[in-house]
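In: predicted model and sequence below, questions to follow.
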Amino acid sequence: MKHFISPADVTDIAQLVKEAAQLKANPYAFSDLGKNKTIGLLFFNSSLRTRLSTQKAATNLGMNVIVMNVDSDGWQLEMNDGVIMDGNKAEHIKEAAAVIGQYCDIIGVRAFAKLNNRKKDYQEMVMEKFRTYAGVPIVNLESATRHPCQSLTDLLTIQELKTVERPKIVLTWAPHVKALPQAVANSFAEWVNLTDYDFTIANPEGYNLAPEFVGNAKVTHNQNEAFANADFIYAKNWSSYEHYGEVLPGNKDWQITPEKMALTNNAKFMHCLPVRRGLVVADEVLDSLASVVIQQAGNRVWAAQAAIKRVLEELG
Ligand code: CP
């Protein structure tokens, strides 16, 4: 695998999930694979899980790890070509990416959507500039529209917990006070659509995801109907794609509650975290045995390790 930016980079998703499970069972089986190789983890945005799990994953593979909060610790980066750099941006991405590529064998990048220009966000400029100019493989640690490390984790968690071959999975929008990117929801939909699971997306009107991510999933604006007989409830807030980046009024009643979970087939509750208690989900759900969010977050290590292992194998 040359890069790990989207599932288009992965030829066999089911096999990659299997490899993540194997690494969970035997974390140090490939502890020499990354010897004398360096991964740089670049964060334009905050992170707890992605930062720590990717660092641990790379360490398990024997790699050296450099972590940088690019936005606060580096020079402000110009992303556009052909501009006169007479503002506050001291360095162009062309040089910055190429220089980081001199120090690192693999570069992981986190750069969220800015949510003020849909076309720009969906062009994935930051990820594409790194892919173009770094000269080394790029791992997506959550970009404007995708979070593949999270989605691989989610498929591993579902694989571990499913009790039927073809579980019913519901991705449900949940309320939030801030405008959040669509990346986690997009990516979850994109990856689940590559399985044969029964998949429904429930969201209020005005919150439909981009058609290329919805794919063949069923879409409903009736949350209770979606929850009926579900085996997995995956909750996530996202801001509107249609009214781009907006938080539309209302919809507080989309919070995940014990009453809604009672409609399901004893469903497991999933969320990528961080999650706001009492807003996105009721404490009673998050603290219940149905909640698998900690197992899910733990699995971030094995998903990242499987992805980085594939990239290292291609590097040789
Ligand atoms: N789920 C996730 O990506 O968590 P962090 O934002 O803390 O990395």
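Out: It's in.
In: which bits of the protein sit near the ligand?
Out: Residues of the chain lying close to the ligand (CB under 6 Å from any ligand atom) are 47-50, 142, 150, 272-274. Every C-beta, even on glycine, is put in place using the N, C-alpha and C of the backbone.
In: ok, so of these, who is nearest Lys129?
Out: Lys129 has its nearest neighbour among the residues of the chain next to the ligand in Glu142, at 16.1 Å by CB to CB.
In: are any of the residues of the chain next to the ligand buried, and which?
Out: Applying 16 or more other CB atoms under 10 Å to those, the neighbour count classes 47, 49-50, 142, 150, 272 as buried.
In: can I get these in JSON lines with distance to Phe188, secondary structure and pLDDT?
Out: Formatted as JSON lines, those follow (distance: CB to CB, whole Å; DSSP: H, G, I helix; E, B strand; the rest coil; pLDDT from 0 to 100):
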{"residue": "Ser47", "distance to Phe188": "18", "secondary structure": "coil", "pLDDT": "98"}
{"residue": "Arg49", "distance to Phe188": "15", "secondary structure": "helix", "pLDDT": "98"}
{"residue": "Thr50", "distance to Phe188": "15", "secondary structure": "helix", "pLDDT": "98"}
{"residue": "Glu142", "distance to Phe188": "12", "secondary structure": "coil", "pLDDT": "98"}
{"residue": "Gln150", "distance to Phe188": "7", "secondary structure": "helix", "pLDDT": "98"}
{"residue": "Cys272", "distance to Phe188": "8", "secondary structure": "coil", "pLDDT": "98"}
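In: quick one, strands of the stretch 1-150 of the chain?
Out: For the stretch 1-150 of the chain, the strands defined by DSSP state E, counting those that start in this stretch occupy 38-43, 64-69, 77-78, 91-92, 106-110, 138-140.
In: ok, the stretch 201-316 of the chain next?
Out: Taking DSSP E, counting those that start in this stretch, the strands of the stretch 201-316 of the chain run over residues 218-220, 232-236, 268-270.
In: got the CA coordinates for the longest one in PDB?
Out: If I follow you right, that is strand 232-236. Provided in PDB are the C-alpha atoms of strand 232-236 (Å, rounded to 0.1, in the frame of the first residue of the first chain):
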ATOM      1  CA  PHE A 232     -24.900  -1.500  16.300                       C
ATOM      2  CA  ILE A 233     -25.700   2.100  16.900                       C
ATOM      3  CA  TYR A 234     -22.900   4.400  15.700                       C
ATOM      4  CA  ALA A 235     -23.600   8.000  16.900                       C
ATOM      5  CA  LYS A 236     -21.900  11.000  15.500                       C
END
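In: tell me which strands it pairs with, and in which orientation.
Out: strand 168-173 (parallel), strand 268-270 (parallel) (DSSP bridges).
In: which parts of it are buried?
Out: Neighbour-count burial for strand 232-236 flags 232-236 (criterion: 16+ other CB under 10 Å).
In: and Gly316, what's its pLDDT?
Out: We have a pLDDT of 88 for Gly316.
In: mind naming the longest helix for the chain?
Out: helix 300-315 (DSSP state H).
In: just the helices in the stretch 1-150 of the chain please.
Out: 13-25, 49-60, 70-73, 93-103, 118-122, 125-133, 148-161 (DSSP state H, counting those that start in this stretch).
In: and the last one, what does it pack onto?
Out: Okay, so that is helix 148-161. helix 13-25, helix 49-60, strand 138-140, helix 183-192, strand 232-236, strand 268-270, helix 293-298, helix 300-315 (3 or more CB pairs under 8 Å, 6 or more residues apart in numbering; DSSP states H and E).
In: buried residues in it, which are they?
Out: Neighbour counts over helix 148-161 (16+ other CB under 10 Å) mark 148-159 as buried.
In: which non-adjacent residue is nearest Ala202?
Out: Leaving out its chain neighbours, the residue that sits closest to Ala202 by CB to CB, 6 or more residues apart in numbering is Ala226, at 3.7 Å.
In: how much space separates the one you found from the ligand?
Out: Look at Ala226 and the ligand: by CB to the nearest ligand atom, to the nearest Å, they are 23 Å apart.
In: tell me, how many residues neighbour that residue?
Out: Look at Ala226: counted by other CB atoms under 10 Å, it has 24 neighbours.
In: and it, what does it touch?
Out: Contacts for Ala226 (CB atoms under 8 Å, 6 or more residues apart in numbering) come out as 170, 172, 200, 202, 220.
In: so which elements touch the helix or strand bottoming out on mean pLDDT in the chain?
Out: Scoring the helices and strands of the chain by mean pLDDT, DSSP states H and E places helix 70-73 at the bottom, with a mean of 93. Under the contact criterion of 3+ CB pairs under 8 Å, 6+ apart, helix 70-73 touches strand 38-43.
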